[in-house]
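>>> got a predicted structure here, sequence first:
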Amino acid sequence: MRAEFFRSSYTQKQLYDVVSNVASYPKFVPFCTRSRILTKPTNVTESGPQVLEAELTVGFLSFKESYVSTVTCVPNESVKAVASSSTPLFKELSTIWRFEPAPQSSQKPNATLVSLDLIYAFSNPLHASVSSTFFGQVSRLMVQAFEDRCSEIYSSYR
């Protein structure tokens, strides 16, 4: 498991809107080359959890795999994606983004504390050995890509 924690100057809603937009993952999630929504959210309200399924394709070097994830979004609080058990690439793959209000300061009045938990285990020993050299960096790459995407989307609002 890898865990990343950081403070963002964006609001919980802004951050949640970026991560919950699964269709946009190929634009900023490292190694994600395709995202296709398979089922629409089950509960489209402002407060209740929304669950959808998406097929994600990841590619690295000569490896390219698609898998289905169940994505649970709790508006403005968290986004959890869990790969289905029938995934050929991963024995286990789960990402959980959480957004909480940060202690207020005059410099960052709407700051948010963000955490990312990345849990993974490869099915194929070859994938595991090849990825071991770089996969520890993936959570940091995801955080950087996420911050860059937020800047890209929200820079004109600041």
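Perfect, thanks for sending it. Keep in mind that what you see is a predicted model, and the values were worked out from it rather than measured.
>>> name the residues of the helix ranked longest in the chain that are buried.
In the chain, taking DSSP state H as the definition, the longest helix is helix 138-154. Buried residues in helix 138-154, counting neighbours by 16 or more other C-beta atoms under 10 Å, are found at Val138, Ser139, Met142, Val143, Ala145, Phe146, Glu147, Arg149, Cys150, Ile153, Tyr154. Bear in mind the C-beta positions are built from the backbone N, C-alpha and C, glycine included.
>>> for the fifth one, which non-adjacent residue is closest in space?
Which is Ala145. In space, and not counting its chain neighbours, Ala145 is closest to Phe28: 4.7 Å by C-beta to C-beta, 6 or more residues apart in numbering.
>>> what sits against that neighbour?
Ala145, Phe146, Asp148, Arg149 (C-beta atoms under 8 Å, 6 or more residues apart in numbering).
>>> tell me what the closest residue to Ser139 other than its chain neighbours is bridged to.
Distances taken as C-beta to C-beta, 6+ apart place Arg2 nearest to Ser139, at 4.0 Å, with adjacent residues excluded. Note on Arg2: beta-bridge partners by DSSP bridges are Leu118.
>>> right, I'll call it a day here.
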